[in-house]
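S.K.: Fold the following, please.
(6 chains)
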Number of protein chains: 6
Amino acid sequence: MATVKLIEYGEASGEVRAVFDDIMATRKVDRVNNFWKALANHPPTLVRTWESIKAVMAPGALDPLTKEMLYLAVSATNGCDYCTTSHTASARKAGMTDAMLGELMAVVGMANETNRLADGYQVPID
Amino acid sequence: MATVKLIEYGEASGEVRAVFDDIMATRKVDRVNNFWKALANHPPTLVRTWESIKAVMAPGALDPLTKEMLYLAVSATNGCDYCTTSHTASARKAGMTDAMLGELMAVVGMANETNRLADGYQVPID
Amino acid sequence: MATVKLIEYGEASGEVRAVFDDIMATRKVDRVNNFWKALANHPPTLVRTWESIKAVMAPGALDPLTKEMLYLAVSATNGCDYCTTSHTASARKAGMTDAMLGELMAVVGMANETNRLADGYQVPID
Amino acid sequence: MATVKLIEYGEASGEVRAVFDDIMATRKVDRVNNFWKALANHPPTLVRTWESIKAVMAPGALDPLTKEMLYLAVSATNGCDYCTTSHTASARKAGMTDAMLGELMAVVGMANETNRLADGYQVPID
Amino acid sequence: MATVKLIEYGEASGEVRAVFDDIMATRKVDRVNNFWKALANHPPTLVRTWESIKAVMAPGALDPLTKEMLYLAVSATNGCDYCTTSHTASARKAGMTDAMLGELMAVVGMANETNRLADGYQVPID
Amino acid sequence: MATVKLIEYGEASGEVRAVFDDIMATRKVDRVNNFWKALANHPPTLVRTWESIKAVMAPGALDPLTKEMLYLAVSATNGCDYCTTSHTASARKAGMTDAMLGELMAVVGMANETNRLADGYQVPID
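M.R.: Model (predicted):
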């Protein structure tokens, strides 16, 4: 259960509604996720986080699918249930196939294994 | 300083040399990294880890560059100095440009931030 | 579901009851949290952990509210659901307002982001 | 060693110099830390991160010292050497005494211990 | 809820069934855990992970109980609910008593505490 | 470099010296590690941590070698360089052979891999 109230559109301030509207317009969806409803308790964090996410996840030198897969790899490594679930969904929406997810998780697993082997043996940088 | 001896080719057993040879042949390099020299202290782990890495990092539904970038994203998230350094190098070798690295790290940073915001507010899955 | 039985006051040994009594008296509450009921399976850990927490969280150079907020910042960073929930509650009880929680989480988020950027680029200490 | 070039003021673009100037003016220092010189390789990340840090760390419902101590608690928990070193320094500059640092680390240590005890026994939320 | 379908024996391919059969035969159980049903979505990861686990967890210089306890210590440290639950069960099956679990968790707690104290003070290696 | 002064025996207070004396007597060594010299900056933490470690690491339902190996497994997983180095040394002193270290790290590696696979697929507890 969230430790803060999830703020719904109908009860949100104008500043919060403007962010919710932009999220829905940018993502072409008709509702916002619980994450944003929680952040709405602190409007400066809501505004800053959304503006940052929007800029960081926009297509650039990396395409949106690659960015979503990187996001998922980090979220799985951190064991964040919410983010793993939501970014698996957004990566699929961006084009991630079952085979791509399988290979992504295989890489995430191996990286976590070898990270700890390198740390565990205190391997000096080449 | 490593907590185990780094085993050099000249002093390695035949089983270890065979793995070192395969690493050098597969990667088209003429030396193996310290990571493998450390794992050589426990040949079953050396063999298994190399066979796993070779299989997992081979091109498939995801291309080698994407896989290297996922590896780097995990390594940075885990704060593994050795792996971050070595996989930045291997990602560059696989084609990662400065602009791609910049965007990769921006995604890694944002994912770590929002992972902890989602956990910190205990946001329920949508 | 806990991997050990949660030991209730009525079924606890005298040693465990003495700790439960001290927790309730110190915190001015009439029940102990599940955390302590789980630790009661290993009385030495229950006694040691409670004595440590009582000493560490007592007012000193830092006030109790600041200590609770530090506890919450660590718990959110570690993604510990139980501790995040219970220390959000205890921080509120110690005086944390909604605005303070909002700023705390903003700092936690930024610190997690920049920690991984510093690690990700392997920035040398100044 | 950083995986990117540390960009010095003299060789920086106008956009980067403007951020460096603002960092020095805001913090009343005559140089910028290596962290910012590394981020300067990707100007959008430099700008966004600095603007975010400036906003998040400004006095509000929490004072700057409390914010710096929260930052340090997260950095120590994540094992980020760079951030732990730099935020210990900035917390001291903001007024953290030796006694406060001692208590802060005691809280960080206990929180890390009990986070893992709660996770280790899978204690259900009260 | 899993982000992939949990594949049951009755609907599995021959390659997957062969792994499921080997898991059940090796562990002398008549069903496989959800973990394997999830991995079955990517047969190469299922095969590789099972073969690795089977080799790594076999008796050798360390006995199976010690290996299960090490596995549990890592899982609790990573806050992995699934793995903590399943490896507490398998460690008990391998002979872990309540007293051993109590001492194991005490060590895990202290190690997590002192790891962060050492990092938090940036203690130089002796 | 440590963020606090490392306090040597010759300059320590009587309270700190008493702890240093007990560490040297208990461990049958003639010097204390840097970790304790750092903690000596905050005597209550020094006393509490040493008393806790002494109690937790004493032989009980688990023998000292098993406890040292658990400590090492946690330290490697957390990427704590100081603790990984010092607990590899103390585990060897307690009887850990090269073969045991090899198997320990293999378990640590696999546990880290499967922890993230379980989290990455959000596998429901059986």
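S.K.: Contact residues of chain A facing chain F?
M.R.: With C-beta under 8 Å from any C-beta of the partner chain as the criterion, chain A comes near chain F at residues A:72, A:76-77, A:79, A:81, A:84-85, A:88, A:105, A:108-110, A:112-117, A:119-122. C-betas here are computed from N, CA, C, even on glycine.
S.K.: Which residues lie in contact with the nearest residue to residue A:46 once chain neighbours are set aside in this structure?
M.R.: Leaving aside its chain neighbours, residue A:46 sits nearest to residue A:39 (4.2 Å; criterion: C-beta to C-beta, 6 or more residues apart in numbering or on different chains). Contacts for residue A:39 (C-beta atoms under 8 Å, 6 or more residues apart in numbering or on different chains) come out as A:45-46, A:49-50, B:117, B:121.
S.K.: what's the farthest-apart pair in these?
M.R.: The span of those, defined through C-beta to C-beta, is set by A:50 and B:121 at 15.1 Å.
S.K.: for the closest residue to chain E within chain A, what are its contacts?
M.R.: Closest approach between chain A and chain E, counting by C-beta to the nearest C-beta: residue A:102, at 2.9 Å. Residue A:102 sits next to B:61, E:41-42, E:44-45 when contact means C-beta under 8 Å, 6+ apart.
S.K.: If we use 7 Å, what do you get?
M.R.: For residue A:102, the contact set (C-beta atoms under 7 Å, 6 or more residues apart in numbering or on different chains) comprises E:41-42, E:45.
S.K.: same question, residue A:84
M.R.: Applying C-beta under 7 Å, 6+ apart, the residues near residue A:84 are A:72, A:75-76, F:119-120, F:122.
S.K.: Can you lay out those as a markdown table showing pLDDT?
M.R.: Converted to a markdown table, the contacts of residue A:84 look like this (pLDDT from 0 to 100):
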| residue | pLDDT |
| --- | --- |
| A:72 | 98 |
| A:75 | 98 |
| A:76 | 98 |
| F:119 | 98 |
| F:120 | 98 |
| F:122 | 98 |
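S.K.: Could you tell me which of those residues belong to helices?
M.R.: A:72, A:75-76, F:119-120 (DSSP state H).
S.K.: nearest to residue F:3, of those residues?
M.R.: Distance to residue F:3, by C-beta to C-beta, is smallest for residue A:75 among the ones in helices among the contacts of residue A:84, at 31.1 Å.
S.K.: Residues of chain A that sit close to chain E?
M.R.: A:79, A:85, A:88, A:98, A:102, A:105-106 (C-beta under 7 Å from any C-beta of the partner chain).
S.K.: swap the cut-off to 10 Å and go again
M.R.: Counting by C-beta under 10 Å from any C-beta of the partner chain, chain A comes close to chain E at A:72, A:76-79, A:81, A:84-89, A:91-92, A:98-99, A:101-106, A:109-110, A:112-113, A:116, A:122.
S.K.: Of these, grab the buried ones for PyMOL.
M.R.: Buried residues within the residues of chain A next to chain E, by 16 or more other C-beta atoms under 10 Å in any protein chain shown, are selected in PyMOL with:
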select buried, chain A and resi 72+76+77+78+79+81+84+85+86+87+88+89+91+92+101+102+103+104+105+106+109+110+112+113+116+122
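S.K.: In this model residue C:109 seems to touch residue A:49, though I could be wrong.
M.R.: Yes. Contact criterion C-beta atoms under 10 Å: residue A:49 and residue C:109 qualify, at 7.5 Å.
S.K.: what sits in contact with each of the two?
M.R.: Common neighbours of residue A:49 and residue C:109, using C-beta atoms under 10 Å, 6 or more residues apart in numbering or on different chains, are A:39, B:110, B:113-114, B:117, D:52.
S.K.: Now, the residues you listed that are in helices?
M.R.: Under the assignment DSSP H, those contribute A:39, B:110, B:113-114, B:117, D:52 to helices.
S.K.: Identify, from those residues, the entry nearest to residue E:30.
M.R.: Taking C-beta to C-beta as the measure, residue E:30 lies nearest residue B:114 of those, at 42.1 Å.
S.K.: And for the closest one, nearest residue in space, chain neighbours not counted?
M.R.: Among residues not flanking residue B:114 along the chain, residue A:83 sits closest, at 6.4 Å (C-beta to C-beta, 6+ apart).
S.K.: Tell me how many other residues surround that neighbour.
M.R.: Per other C-beta atoms under 10 Å in any protein chain shown, the neighbour tally for residue A:83 reads 26.
S.K.: Wait, it touches residue B:117, no?
M.R.: Yes. The pair residue A:83 and residue B:117 qualifies as a contact (C-beta under 10 Å) at a distance of 9.2 Å.
S.K.: which neighbours do the two share?
M.R.: Residues within reach of residue A:83 and of residue B:117 at once, by C-beta under 10 Å, 6+ apart, are A:35, B:123.
S.K.: sorry, back to before: want to throw the ones in helices among the shared contacts of residue A:49 and residue C:109 into TSV with pLDDT?
M.R.: Formatted as TSV, these follow (pLDDT from 0 to 100):
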residue	pLDDT
A:39	98
B:110	98
B:113	98
B:114	98
B:117	98
D:52	98
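S.K.: okay, these in CSV with distance to residue F:34 next?
M.R.: As requested, these are arranged in CSV below (distance: C-beta to C-beta, whole Å):
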residue, distance to residue F:34
A:39, 42
B:110, 36
B:113, 33
B:114, 37
B:117, 36
D:52, 36
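S.K.: Neighbour count: residue A:50 and residue B:121, which is higher?
M.R.: Per other C-beta under 10 Å, whichever of residue A:50 and residue B:121 has more neighbours is residue B:121, with 26 against 19.
S.K.: From what I see, that one and residue A:80 are in contact.
M.R.: No. With contact defined as C-beta under 10 Å, residue B:121 does not reach residue A:80; the gap is 11.7 Å.
S.K.: rewinding a little: take the contacts of residue A:102 and keep only those in helices.
M.R.: residue E:45.
S.K.: In CSV, list the contacts of residue A:102 along with pLDDT and neighbour count.
M.R.: As requested, those are exported to CSV (pLDDT from 0 to 100; neighbours: other C-beta atoms under 10 Å in any protein chain shown):
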residue, pLDDT, neighbour count
E:41, 98, 21
E:42, 98, 23
E:45, 98, 22
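S.K.: restrict the contacts of residue A:102 to those near chain A?
M.R.: Taking C-beta under 10 Å from any C-beta as the test, chain A is in contact with E:41-42, E:45 out of the contacts of residue A:102.
S.K.: which of those lies closest to residue B:57?
M.R.: Proximity of the ones next to chain A among the contacts of residue A:102 to residue B:57 was ranked by C-beta to C-beta; the top entry is residue E:45 with 13.2 Å.
S.K.: is stretch A:65-77 anywhere near chain C?
M.R.: Yes. Using C-beta under 10 Å from any C-beta, stretch A:65-77 reaches chain C at residue A:74.
S.K.: Please read the previous query as pertaining to stretch A:24-33.
M.R.: No. Stretch A:24-33 does not reach chain C (C-beta under 10 Å from any C-beta); its nearest approach is 16.5 Å.
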